[in-house]
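Enquirer: what follows is a protein structure lacking sequence information:
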């Protein structure tokens, strides 16, 4: 009797905490010490700046979030995710991607903010979400899709003008559906509303999909994304990697991705080919990687190459190559030491301007 | 022995989580897919824009927060609430109400930030809080005071100039007291300091109260709020529904509210009458609603009307009407599907300008 | 059998919550009602403004955070802290110290954002952190280092120009090491990278250390901090107490601190002497305090004095004195009532300008 009373007392005592089971607080804290070198070569000569840095998000993006799943019976569940990024070196909100737009400064859950239902039919969510195209990229990028060391060939116009810019990994005002897995096959679609229609212009929008086949060691997939901008659109405003928002021109961009990975046991290979084009330009990129496990350690390497067909007007974004090396050592399931080196080079069309960057870094990732 | 050891092990194992019992993480994730139509009629003709949207906070405002209550013995408890809103469609901080003030961008706990004591004497808190007047509105607004579908007759000047603007639901630098219930009677008062006194001007301030009688199916109440602004005041800066801050003029506004609800079991009726005036203008509004439960489902409808006595100078805020329909279906205590329709119309004094808006939306609210 | 099944059921039931044991949500909610008087005396005469206020962070800075410690075996642990401040009177993010820099508005974890390892070797962390110098100040400031009532003699140039400004308590891009305690002795070092090196200028940086001896009732320590700024540097951008960032001049500041405390049982004494200098000016400050416990209550008093050698050009920052009184009463381990009075005076070199401020406040601090 006494023993079950103790047990019941435990049950009672843990009641308050158990009430918390409706929400999980989680995150990643990742920081590294690094040595960063930026070299710029122009007709005027060469400048080189090397310095020590402490930055965050070497292996994985530092983040915190709230998430939960409520069993509604009959295999149905309500799910939600609220996740924001932060710069561990300054404490600042991240994943507003350096936008100078004042609104972007206040993006608390910039990585994901969504609610939906999950069941035998798959999963459907509403809110700010990853695009379906991005999901496939994440699965097939080299060096474990690591935040700093994955070299994915994206050498893009950073001016946000008429030239071709990189895809948005997230989209606002979105509905996304992920199918269940049928004999290894699965797919996802996502659509984001621009909500900026006027009496004279149609709204911006973002559409993306992926189809995947995963069976044992093999994964192959295809991803597509189309981004239709309007001048002044904020649909993608805090999602771009490298453009200042809001949109400066009405542009339609299309991205086609083929990706695959195969795990041989002694080593895992990943690779992808991506073709991007907008109303004026076209770009092709490919990347591949290998990772080799050694007990608690893993060594990985990646290579990427990108080339624009005609983007001659833009400084330092005509051609790009990159390679990287990454070693990880797991202190536990949740804590990983890492050391990595990445080297990238971007050239203008006539190679009169070359930007080179290298980074050696060693750090610690802790998930909670 | 072994069994109690297991129990003790459980106690030990859950210790970390139990330490969490001093704070509860909670929130609401609410998103909908909708079809939004805005029609504007002027002497120059009519424009109409219809588009699909994904927005948040259809039924309840999306929010997250930390709260707790510590038993201090003798019926006394320390209580705190830190609650912020967010836009689930973008991940942005909300409840800074679209202010263009740079400071408002960084309001983390925009819904409430307070700490206080609770006991036989009632409850007293310090911090950013709801006004006592707003509490009565929340209790008597139609369609469950839903964030998007409650039509409360508030057709107000959005220019923040000399014309009459809507009340602030929250106030900074505030002390609030809520009485205990005496035979069904209860009351609340709240006072906010402007903290902007200078050598030549007195400080802004906000004062509000409510008195309520709730007994079985009946609730009746009276609420009052007075807002004394100063030019440049930020007392209400992130609390206004529809004015750009800081205050542009030194204005004193007074709001008088009579509200009631009665639950007949087969249906619940709610209604209120509100009179607002400032140094120049006066406005009257009334609204009522009905809700009918059908098992896990409820159907609700609301109607509102507002009229300004003399606010002729202001475009589209002289007269307003609105009606709405809302159906909810509870998948669980915490998860609700909903579908709603709201239609509002605002006219200028001579009806030369008419703004119409309608929204049909279906969504999901999940509380955690 | 049944009993252990119950225990296992408890274990299972608390599983979701126990999964939370990897992160602790914690914080402080502190608010007070006060009466604030600011008096300014110049050749033109005297102005005096007194008003009621409700503010936060009287006793301790209001904050919230996520932290955790994972046992990695062998005495090693992974540790992280993500902590942000907030103004309980407005809900706004705090610890961006009123910077007008747009980026500072989005500092979510402005108090600390760090991850690291802890073991027999001590503790090492990367990220945004307190300086080692600040740690010693916190240990030896009067009136329990209370946020509002500690008077620490810091009467500094608020213009951020060529004159001497107060030290930064936190630093971005930092690595910090805390030694274990050897026979009462311990020490800490912290270094922050400016990361703003260019082809023509070296990077800003911050270096700090402390050495402490703590044995029974005695604590003595020395702290040093050097801040090397660059024009436009943001290394300290959200850490300064009283300068607008980014840095307006390339300045090197050095701070030397001697601090001590002794607990006689019936009373505890604390005191420190600090000397600060930059490329042009020098300043000395000292402060001391006493606190006397009476059961659940404590009464404390503090005094400080600061004097600049040659900072004649700056209005109201040549000489400063302050004194304060503080009484606390613990309602529980986590909840404390307090009442305090602080009076500060700052004078220009020729005493033609005098700024006086006094505050009487009574409030509540709740930790969670």
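Expert: Great, that's in hand. Predicted model, so just to flag it, every value in this text is computed and none were measured.
Enquirer: write out the residues of the stretch 251-368 of chain A neighbouring chain C.
Expert: Neighbours of chain C within the stretch 251-368 of chain A, by C-beta under 8 Å from any C-beta of the partner chain: A:331, A:332, A:334, A:335, A:363, A:364, A:365, A:366, A:368. C-beta: built from backbone N, CA, C; applies to glycine.
Enquirer: outside of the helix or strand residue A:213 falls within, which residues touch it?
Expert: Element membership for residue A:213 (DSSP states H and E) is strand A:205-215. With contacts defined as C-beta atoms under 8 Å, 6 or more residues apart in numbering or on different chains, strand A:205-215 is touched by A:131-136, A:139, A:168, A:171, A:174, A:181, A:184-194, A:219-228, A:235-236.
Enquirer: in that strand, what counts as buried?
Expert: Neighbour counts over strand A:205-215 (16 or more other C-beta atoms under 10 Å in any protein chain shown) mark A:205, A:206, A:207, A:208, A:209, A:210, A:211, A:212, A:213 as buried.
Enquirer: would you turn those into CSV with pLDDT?
Expert: Below are the buried residues of strand A:205-215 laid out as CSV (pLDDT from 0 to 100):
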residue, pLDDT
A:205, 94
A:206, 94
A:207, 97
A:208, 97
A:209, 98
A:210, 98
A:211, 98
A:212, 98
A:213, 98
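Enquirer: out of the residues you listed, who's nearest residue B:41?
Expert: residue A:205 (28.2 Å; C-beta to C-beta).
Enquirer: ok, and the closest non-adjacent residue to residue A:46?
Expert: residue A:39 (6.6 Å; C-beta to C-beta, 6 or more residues apart in numbering or on different chains).
Enquirer: repeat that for residue A:266.
Expert: Nearest residue to residue A:266 in three dimensions, chain neighbours excluded: residue A:292, at 6.7 Å (C-beta to C-beta, 6+ apart).
Enquirer: cool, and residue A:125?
Expert: residue A:116 (3.2 Å).
Enquirer: could you do residue A:136 as well?
Expert: residue A:223 (3.9 Å).
Enquirer: so who does the residue nearest to residue A:46 touch?
Expert: The neighbours of residue A:39, taking C-beta under 8 Å, 6+ apart as the test, are A:46, A:47, A:48, A:49, A:355, A:356, A:357.
Enquirer: and the furthest pair within those residues?
Expert: A:46 and A:357 (13.8 Å).
Enquirer: more neighbours: which of those two?
Expert: Taking other C-beta atoms under 10 Å in any protein chain shown, residue A:46 and residue A:357 do not tie; residue A:357 has more neighbours (15 against 11).
Enquirer: list the strands paired with the one helix or strand the more buried one maps to, with their directions.
Expert: Here residue A:357 sits within strand A:354-367, counting by DSSP H and E. Applying DSSP bridges, strand A:354-367 is found paired with strand A:24-42 (antiparallel), strand A:335-347 (antiparallel).
Enquirer: list the buried residues in the helix or strand following the longest one.
Expert: Going back to what we said before, that points to strand A:24-42. Going down the chain from strand A:24-42, the next helix or strand is strand A:45-56, by DSSP H and E. Under the neighbour-count criterion of 16+ other C-beta under 10 Å, strand A:45-56 has A:49, A:51, A:52, A:53, A:54, A:55, A:56 buried.
Enquirer: which of those residues lies closest to chain B?
Expert: Distance ranking of these against chain B, using C-beta to the nearest C-beta, places residue A:56 first at 19.1 Å.
Enquirer: residues contacting the closest residue to that closest one other than its chain neighbours?
Expert: Spatial nearest neighbour of residue A:56, chain neighbours left out: residue A:88 (3.5 Å); criterion: C-beta to C-beta, 6+ apart. Neighbouring residues of residue A:88 by C-beta under 8 Å, 6+ apart: A:29-31, A:56-57, A:62, C:82, C:113-115, C:126-128.
Enquirer: can you check residue A:296 too?
Expert: Taking C-beta under 8 Å, 6+ apart, we find residue A:296 in contact with A:329, A:330.
Enquirer: give me phi/psi at it?
Expert: phi -80, psi -10 (degrees, to the nearest 10).
Enquirer: kindly report the residues of the stretch 151-300 of chain A close to chain B.
Expert: Counting by C-beta under 8 Å from any C-beta, the stretch 151-300 of chain A sits next to chain B at A:172, A:173, A:174, A:175, A:192, A:193, A:195, A:197, A:198, A:199, A:203, A:238.
Enquirer: try 7 Å
Expert: A:172, A:173, A:174, A:175, A:193, A:195, A:197, A:198, A:199, A:203 (C-beta under 7 Å from any C-beta of the partner chain).
Enquirer: in CSV, list these along with neighbour count.
Expert: Below are these laid out as CSV (neighbours: other C-beta atoms under 10 Å in any protein chain shown):
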residue, neighbour count
A:172, 28
A:173, 31
A:174, 26
A:175, 20
A:193, 25
A:195, 21
A:197, 20
A:198, 12
A:199, 10
A:203, 19
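Enquirer: which members of the residues you listed occur in strands, if any?
Expert: A:172, A:173, A:174, A:175, A:193 (DSSP state E).
Enquirer: quick check, nearest of those to chain C?
Expert: residue A:172 (17.7 Å).
Enquirer: report the contact partners of that closest one.
Expert: When contacts are counted by C-beta atoms under 7 Å, 6 or more residues apart in numbering or on different chains, residue A:172 touches A:128, A:192, A:235, B:89, B:90.
Enquirer: lowest-confidence entry in the residues you listed?
Expert: Note: of those, the lowest pLDDT belongs to residue A:235, at 72.
Enquirer: tally of neighbours for that residue?
Expert: 28.
Enquirer: I'd assumed it was in a strand, is it?
Expert: No: Residue A:235: not assigned to a strand; according to DSSP: H, G, I helix; E, B strand; the rest coil it is coil.
Enquirer: wait, doesn't residue A:262 sit right on residue A:217?
Expert: Yes: under the criterion of C-beta atoms under 7 Å, residue A:262 makes contact with residue A:217 at 5.5 Å.
Enquirer: quick check: which element contains residue A:139?
Expert: helix A:132-140.
Enquirer: list the buried ones in that helix?
Expert: For helix A:132-140, by 16+ other C-beta under 10 Å, it's A:132, A:133, A:134, A:135, A:136, A:137, A:139, A:140.
Enquirer: tabulate those residues (TSV), appending pLDDT.
Expert: Below are these laid out as TSV (pLDDT from 0 to 100):
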residue	pLDDT
A:132	98
A:133	96
A:134	95
A:135	97
A:136	97
A:137	93
A:139	95
A:140	94
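Enquirer: next, format the residues you listed as a markdown table and append distance to residue B:164.
Expert: As requested, these are exported to a markdown table (distance: C-beta to C-beta, whole Å):
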| residue | distance to residue B:164 |
| --- | --- |
| A:132 | 48 |
| A:133 | 50 |
| A:134 | 48 |
| A:135 | 51 |
| A:136 | 55 |
| A:137 | 53 |
| A:139 | 57 |
| A:140 | 59 |
